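# One predicted model, sequence on top.
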Amino acid sequence: MHEPDFGVAGQTAIVTGASQGIGRAIAETLAASGANVAICSRSIDRVGPVAEEINAAEDAGEALAVECNVREREQVQDLVDRTVEVFGDIDALVNNAGGEFVAPFEDISENGWNSIVDLNLNSTVHCTQLAGEVMREGDGGVIVNLSSVNGQHPAPNESHYGASKAAIIRLTETLAVEWADDGIRVNCVAPGLIQTPGVAETLGIRSEQMPDREETDRRIGHSEEIADIVQFLLSPAASFMNGETVTAKGVPRPDNSFDVDLGLE
Ligand SMILES: CCC/C=C/C(=O)SCCNC(=O)CCNC(=O)[C@H](O)C(C)(C)COP(=O)([O-])OP(=O)([O-])OC[C@H]1O[C@@H](n2cnc3c(N)ncnc32)[C@H](O)[C@@H]1OP(=O)([O-])[O-]
Ligand SMILES: NC(=O)C1=CN([C@@H]2O[C@H](COP(=O)(O)OP(=O)(O)OC[C@H]3O[C@@H](n4cnc5c(N)ncnc54)[C@H](OP(=O)(O)O)[C@@H]3O)[C@@H](O)[C@H]2O)C=CC1
């Protein structure tokens, strides 16, 4: 009888932007399943405690926290080098760090546009090229990129974010073809709205407003629901998936409203 293998035990995974939100949930989920995780954020004071929590857990993989602004290529090189130094190899990369501000297209300055493209798209390029070099010289690996439903469908006031997240989908598809012979799978996750500290900050959604995960539809999602999909894509169970984008958005209302009051006009 065939038993599916959703495991990641023994893998070494880099997860960017793991001090909070989706990235933190991904790091905790992978570590709880026995993976070693190298996690980063712009502040060791924010990402360090996440690693401490993982390292204090029994039967979990180990965590290495690194202060790294993924917009800075030399800092990404340091993240990659330290990961190899501590864990010996890199099997998986999760390009999670990202963000946005909400503004009409005509009000976005050149610097504002560049900051979002840099944070979402160029940082993914830095991490993928530098960690990918280790994977390609070794036994291959698996890469998961975080796009967004806003990279698949238009959302007003998110032109910079949507363009950068759409580009991530095409980058995923292209690398899946280019690096297939190197034994590297590259896939993407496109979440709908997920309650995270970042979303609370930008949209004002508080965690106490959140419906339970058990409620099936017409709600905002939880970070763990994205982490579960990332683990699947990293696992042997997804061995025949390459270049795909998995959308996770529950069942939206026809008018795109949610079961919580977002406090938006
Ligand atoms: C369905 C999915 C929805 C959710 C998706 C998510 O991703 S949730 C994740 C949620 N989490 C997050 O989004 C994370 C929170 N945000 C951040 O990480 C950062 O603030 C940043 C990446 C937005 C900018 O980083 P930085 O270090 O480059 O910042 P900087 O201060 O140097 O500004 C650079 C330029 O941007 C301009 N500008 C900035 N804000 C606004 C604005 N509101 N309006 C107009 N413009 C704005 C600013 O004026 C400047 O241009 P200027 O004046 O020189 O021409
Ligand atoms: N939440 C949502 O509704 C959705 C989110 N997404 C995507 O999922 C990803 C995570 O989002 P979410 O968890 O909501 O975001 P949060 O803002 O809650 O968390 C972002 C994380 O990224 C880190 N980070 C931000 N900038 C950098 C940087 N330059 N270098 C390194 N780390 C950085 C932050 O750490 P620190 O501040 O300590 O540096 C933090 O750990 C993003 O790519 C986002 O676009 C996609 C669709 C929907």
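Now that the structure is in, tell me what you want to look at. Residues are numbered from 1 along each chain as shown. Ligands and ions are numbered 1, 2, ... in the order given.

# Just after the one helix or strand Val47 maps to, pick out the following helix or strand.
When elements are assigned from DSSP states H and E, Val47 belongs to helix 44-56. Counting by DSSP H and E, the next helix or strand C-terminal to helix 44-56 is strand 63-67.

# That next one pairs with which strands?
strand 36-41 (parallel) (DSSP bridges).

# which residues are contacting the partner strand?
Identification of contacts with strand 36-41 by Cβ atoms under 8 Å, 6 or more residues apart in numbering yields 11-20, 23, 27, 30-31, 47, 50-51, 54, 61-68, 70, 79, 82-83, 86-87, 90, 97. Where you see a C-beta, it was placed from the backbone N, CA and C, and this is true even at glycine.

# How far away from the center of its chain is it?
12 Å (Cα atoms, centre = their mean, to the nearest Å).

# Quick check: buried residues in it?
Asn36, Val37, Ala38, Ile39, Cys40, Ser41 (16 or more other Cβ atoms under 10 Å).

# Which residues of the stretch 151-265 of the chain lie near ligand 1?
Within the stretch 151-265 of the chain, the residues that sit near ligand 1 (Cβ under 6 Å from any ligand atom) are Leu193, Gly198, Val199, Thr202.

# Please, a PyMOL command that selects the buried ones among the residues you listed?
The buried residues among those can be selected in PyMOL (16+ other Cβ under 10 Å) with this line:
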select buried, resi 193+198+199
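
# now the residues of the stretch 151-265 of the chain next to ligand 1 in JSON lines, with pLDDT and secondary structure?
Listed next are those as JSON lines, based on pLDDT from 0 to 100; DSSP: H, G, I helix; E, B strand; the rest coil:
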{"residue": "Leu193", "pLDDT": "90", "secondary structure": "coil"}
{"residue": "Gly198", "pLDDT": "92", "secondary structure": "helix"}
{"residue": "Val199", "pLDDT": "89", "secondary structure": "helix"}
{"residue": "Thr202", "pLDDT": "80", "secondary structure": "helix"}
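
# among the residues of the stretch 151-265 of the chain next to ligand 1, which are within reach of ligand 2?
Counting by Cβ under 6 Å from any ligand atom, the members of these near ligand 2 are Leu193, Gly198, Val199.

# still on that earlier bit, can you flag the buried ones in the contacts of strand 36-41?
Using 16+ other Cβ under 10 Å as the burial test, those include 11-20, 23, 27, 30-31, 47, 50-51, 54, 61-68, 70, 79, 82-83, 87, 90, 97 as buried.

# Quick check on the residue lying closest to Gly183 once chain neighbours are set aside: phi, psi?
Nearest non-adjacent residue to Gly183, counting by Cβ to Cβ, 6 or more residues apart in numbering: Gly140, 2.5 Å away. Dihedral angles of Gly140 (phi, psi; degrees, to the nearest 10) stand at phi 90, psi -160.

# elements contacting the longest helix anywhere in the chain?
Longest helix of the chain, by residue count under DSSP state H: helix 159-178. Contact here means 3 or more Cβ pairs under 8 Å, 6 or more residues apart in numbering; DSSP states H and E; on that basis helix 159-178 packs against helix 110-117, helix 123-137, strand 141-146, strand 184-191.

# quick one: contacts of that helix?
95, 98, 100, 105, 108, 112-113, 116-117, 119-121, 124-125, 128, 132, 143, 145-148, 150-152, 154-155, 184-188, 190, 242-243, 245.

# can you pull the buried residues of that helix?
For helix 159-178, the neighbour count (16+ other Cβ under 10 Å) marks 159-169, 171-173, 175-176 as buried.
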